[in-house]
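[1] This is a predicted model, with the sequence first.
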Amino acid sequence: MTKVKLAISQGDPNGVGMELILRTFADGSVFKYCIPVLYGSVKTFVHYKKLLGMEEPRYHLISSAEEAQEGKLNLIPCGDEHFVPLPGQASAEAGAQAFACLSKMVSEAHRVDALLTAPLDKSTVAEAQPGFTGHTGYLAQEMGVSSYAMMLVSDDLRVALATEHVPVAELSKHLSSEGIEAKLELMHTALKEDFGLTKPRIAVLGLNPHAGDNGLLGEEESTVIKPAVQAVFDRGRLVYGPYSADAFFGGAQYQAFDAVLAMYHDQGLVGFKTLAFHDGVNVTVGLPVVRTSPDHGTAYDLAGKNTASILSFQSALFEAIHLVRRRLQYAEDYDNPLPFSELRRERFRIDF
């Protein structure tokens, strides 16, 4: 099978990103599955290799993803090469480096099969790039996508968010029936095309305690969430809810569904990270190119110490490869289907 050309941004140079990349590609077997293209700093690359006492991997310097070669860790230099990493220290300079690498990678997204983003610090990037609130929104904006969703995935659980990096005090004004419907349709499509599920089942969580308790604790369930769930269900999607979030996770109800739509960041991610912190993967649904990321942050306290777990980063790498292949397989399976006459449609009882 053709290897996936995988673009990787280095993330915050003072965080664990480059360390995770080096430790992952020190194992040469990874090159059997992908052609990696790293957007990062040569000085940062060399700095962490020396700091960690590593001989491998070595980089192959290129200027464009089109020049990437198999069996090598291809490196496209980005940012200020005079920058010196200071592991564990948040800084505006480090944020500027992270953004420069991310921006360069996005400019070449059309030349690769998938994007893998190492963790960055949103607050330091925002100092260099005002208005920046995270990878997901930035990628969607740069790719001209208005409808997208952040989904955390593991072997046993998939959680998407109706809202992302929004202050809790402002949640209600960011929620609408139309927005929830759009997220559910995106999830349904992704679960079919990217995850290979024929009839995905999706659960929707409520916003308020006890899912509003019949209006006693809030009206959003009845006025916003239920109408959206009903509208999508009426279009033939298997969506159900809203469920009370605490009982849903505490009672393991998630095991009966293929994915969950949470109303806000911590509602969904507390449950997800409790169950799948070390191997969870962040997937952006709705982009024209596959994008994954580990489900943790810069981990400044672990940077440069060779103690950070690489499992989530490795999971993100292989999830990107799997998503590309599933998406291609889905397109092949449904390409130019044979036309069915009304008689044959009735005979085979196929409901289109």
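    Looks like it arrived, so ask away. All values reported here derive from a predicted model rather than from experimental measurement. Numbers count the residues shown, from 1 in each chain.
[2] residues contacting H296?
    H296 is in contact with 119, 277, 312, counting by CB atoms under 8 Å, 6 or more residues apart in numbering. The way it works is simple: take the backbone N, C-alpha and C, and place the C-beta from them, glycine included.
[3] What does it show for phi and psi?
    When read as degrees, to the nearest 10, the backbone of H296 gives phi -130, psi 170.
[4] what about it, distance to K273?
    8 Å (CB to CB, to the nearest Å).
[5] H265 too?
    From H265 to K273 the distance is 11 Å (CB to CB).
[6] doesn't S312 make contact with H278?
    Yes: counting by CB atoms under 8 Å, H278 touches S312, with 6.1 Å between them.
[7] which of these two has more neighbours?
    Comparing H278 with S312 by other CB atoms under 10 Å, the one with more neighbours is S312, at 23 against 14.
[8] Nearest residue to that one in space, please, no chain neighbours.
    P294 (3.7 Å; CB to CB, 6 or more residues apart in numbering).
[9] rewinding a little: shared neighbours, H265 and K273?
    The contact sets of H265 and K273 do not overlap (CB under 8 Å, 6+ apart).
[10] can you pull out the helices in the protein?
    Per DSSP state H, the chain carries helices over the ranges 17-25, 42-52, 92-107, 122-128, 135-142, 171-174, 177-193, 220, 226-234, 245-250, 265-276, 311-333, 342-348.
[11] G15 is in contact with P119, correct?
    Yes: here P119 reaches G15: they are 5.7 Å apart, a contact under CB under 8 Å.
[12] and the gap between M151 and V106?
    20 Å.
[13] Now do the same contact list for the spatially most central residue of the chain.
    Central residue of the chain (CA atoms, centre = their mean): V283, 2.1 Å from the mean position. Contacts for V283 (CB under 8 Å, 6+ apart) come out as 150-153, 190, 194, 290-292, 319, 323.
[14] related to what we said a few turns ago, dump the contacts of H296 into CSV; add distance to Y39 and pLDDT as well.
    Listed next are the contacts of H296 as CSV, based on distance: CB to CB, whole Å; pLDDT from 0 to 100:
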residue, distance to Y39, pLDDT
P119, 14, 96
F277, 27, 77
S312, 20, 93
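[15] Skipping adjacent residues, who's closest to the residue nearest to the centre of the chain in space?
    If the residues on either side of it in the chain are set aside, V283 comes closest to M151, at 4.8 Å by CB to CB, 6+ apart.
[16] close enough to count as contact, that neighbour and V159?
    Yes: in this structure, M151 is within contact of V159 by CB under 8 Å, at 6.8 Å.
[17] what do those two both touch?
    A259.
[18] State the distance from the residue nearest to R237 when sequence neighbours are not counted to I21.
    The shortest distance from R237 to any non-neighbouring residue, by CB to CB, 6+ apart, is to H188 (5.1 Å). Using CB to CB, we find H188 at a distance of 33 Å from I21.
[19] Kindly report the same for L302.
    15 Å.
[20] So for those two, which sits in the more crowded spot?
    Just comparing L302 and I21: by other CB under 10 Å the higher neighbour count belongs to I21, 26 against 17.
[21] my read: the more buried one touches L38, true?
    Yes: the pair I21 / L38 is scored as a contact, 6.5 Å apart, by CB under 8 Å.
[22] how about P288, what does it touch?
    For P288, the contact set (CB under 8 Å, 6+ apart) comprises 109, 143, 145.
[23] run the last query once more with 7 Å
    Contact analysis of P288 by CB atoms under 7 Å, 6 or more residues apart in numbering lists M143.
[24] Local confidence estimate at it?
    Looking at P288, its pLDDT is 94.
[25] how near is it to H110?
    With distances taken as CB to CB, P288 is found 9 Å from H110.
[26] can you check K122 too?
    Distance, K122 to H110, by CB to CB: 26 Å.
[27] Where does pLDDT dip in this structure?
    Applying pLDDT under 70 to the chain flags the ranges 1, 336-352.
[28] circling back: shared neighbours, I21 and L38?
    Common neighbours of I21 and L38 (CB under 7 Å, 6+ apart) are 8, 10.
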